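**Q** Have a look at this fold, sequence not included:
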């Protein structure tokens, strides 16, 4: 009996990493005006920016339906496989709940609420794939993921609060104040799925990115296995510099890069930078 590892598209293991590791992706829906698109497979984050610049209207994200998950789980059942599905943060989306509804129809499906998203979720998905490749059972993988999700760390550096404000997660006063003072907030997504401000950087965005990287790399007890450096879209030279800082720190054996997908991009906007890692 094989183990199928699946995740919703918020895990950001793109463009090809999910294929290389044999991971099944269930796409969210991205709704722009009256049109609906399958995340990753029919629309990318750059298209969100273009539409917002034209309309100043944020796209809406929608979780996969219970039926979408049912079809993935049904095919696995027919193949004699068990499933470990890793879902994005349940405080942001109903993706986890919908996967659980579908899983009720099967006795071979384990659903994990990762309480995170983007490449932090991707870190867990890759660890699950490693365990699958090592011959672990679905139950063993599920139990380990329930432990590992407590160790994920995600410090999110935002250049501008415009998207956060439009999405209702910042006040007009916070937006104006941040712009006037040239503040760039750093948000912590904790292991309960709660997003809160943990630090504010001030000044030129290039210098702020360097200060942010030094701040994250100074945090204690990182797991040395792997880190992700991710962005919703920023100057490539600056991004490469930050990636170089993470690699040169020697704190991680593997440093992967990713372009954040539509789910994260729609809520944070361009120039968001994140270093994802796990603690020991």
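**A** Everything's here; your move. Being a predicted model, the structure only gives us computed values, none of them experimental.

**Q** for the stretch 151-280 of the chain, which spans come out with low pLDDT?
**A** 161-182 (pLDDT under 70).

**Q** Show me which positions of the helix or strand hosting residue 200 end up buried.
**A** Assigned by DSSP states H and E, residue 200 belongs to strand 195-202. Buried residues in strand 195-202, counted by 16 or more other Cβ atoms under 10 Å: 195, 201. Yep, even glycine has a C-beta here, placed from its N, CA and C like the rest.

**Q** partner strands of that strand, parallel or antiparallel?
**A** Counting by DSSP bridges, the strands paired with strand 195-202 are strand 183-189 (antiparallel).

**Q** can you pull out the helices in this protein?
**A** Assigned by DSSP state H, the helices in the chain fall at 17-20, 45-55, 66-78, 95-103, 118-133, 138-148, 162-166, 172-181, 205-217, 236-248, 262-268.

**Q** among the ones you listed, which is nearest residue 280?
**A** For residue 280, the closest of the helices of the chain is helix 138-148, at 11.2 Å, according to Cβ to Cβ.

**Q** Let me know the angle separating the closest one from helix 118-133.
**A** Counting by axes from the mean of the first three to the mean of the last three Cα atoms, to 10 degrees, helix 138-148 lies at 150 degrees to helix 118-133.

**Q** and the residue nearest to residue 197 when sequence neighbours are not counted, how far is that from residue 204?
**A** Counting by Cβ to Cβ, 6 or more residues apart in numbering, residue 185 is the residue found nearest to residue 197 once chain neighbours are left out, at 5.3 Å. The gap separating residue 185 from residue 204 is 16 Å, by Cβ to Cβ, to the nearest Å.

**Q** Give me the more crowded residue out of these two.
**A** Ranked by neighbour count (other Cβ atoms under 10 Å), residue 185 and residue 204 place residue 185 first, with 19 against 11.

**Q** Next, the contact list for the residue positioned nearest the centre of the chain, please.
**A** Nearest to the geometric centre of the chain sits residue 118, at 0.8 Å (Cα atoms, centre = their mean). Counting by Cβ atoms under 8 Å, 6 or more residues apart in numbering, residue 118 makes contact with 10, 11, 12, 154, 230, 258, 260, 261, 263, 264, 274, 276.

**Q** So which of these is the closest to residue 55?
**A** Closest to residue 55, out of all of those and judged by Cβ to Cβ, is residue 263, at 19.3 Å.

**Q** what about that closest one, neighbour count?
**A** Residue 263: 28 surrounding residues under other Cβ under 10 Å.

**Q** unless I'm mixing things up, it is touching residue 88, no?
**A** Yes: under the criterion of Cβ atoms under 8 Å, residue 263 makes contact with residue 88 at 7.1 Å.

**Q** list the residues that contact both of these two?
**A** 10, 117.

**Q** okay, the helices of the chain in CSV with distance to residue 193 next?
**A** Output for those, formatted as CSV (distance: least, Cβ to Cβ, whole Å):
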stretch, distance to residue 193
helix 17-20, 23
helix 45-55, 22
helix 66-78, 20
helix 95-103, 10
helix 118-133, 11
helix 138-148, 14
helix 162-166, 17
helix 172-181, 21
helix 205-217, 20
helix 236-248, 25
helix 262-268, 14
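
**Q** of all those helices, which lies closest to residue 226?
**A** Closest among those, using Cβ to Cβ: helix 118-133, at 6.5 Å.

**Q** I'd like the distance from that closest one to the chain centre, please.
**A** Offset of helix 118-133 from its chain centre (Cα atoms, centre = their mean, to the nearest Å): 12 Å.

**Q** Pull out the buried positions in that helix.
**A** Buried, per 16+ other Cβ under 10 Å, within helix 118-133: 118-129, 131-132.

**Q** And stretch 235-246, by the same measure?
**A** Across stretch 235-246, burial judged by 16+ other Cβ under 10 Å covers 238, 239, 242, 243, 245, 246.

**Q** next one: stretch 39-51
**A** Neighbour-count burial for stretch 39-51 flags 39, 40, 43, 44, 45, 47, 48, 49, 51 (criterion: 16+ other Cβ under 10 Å).
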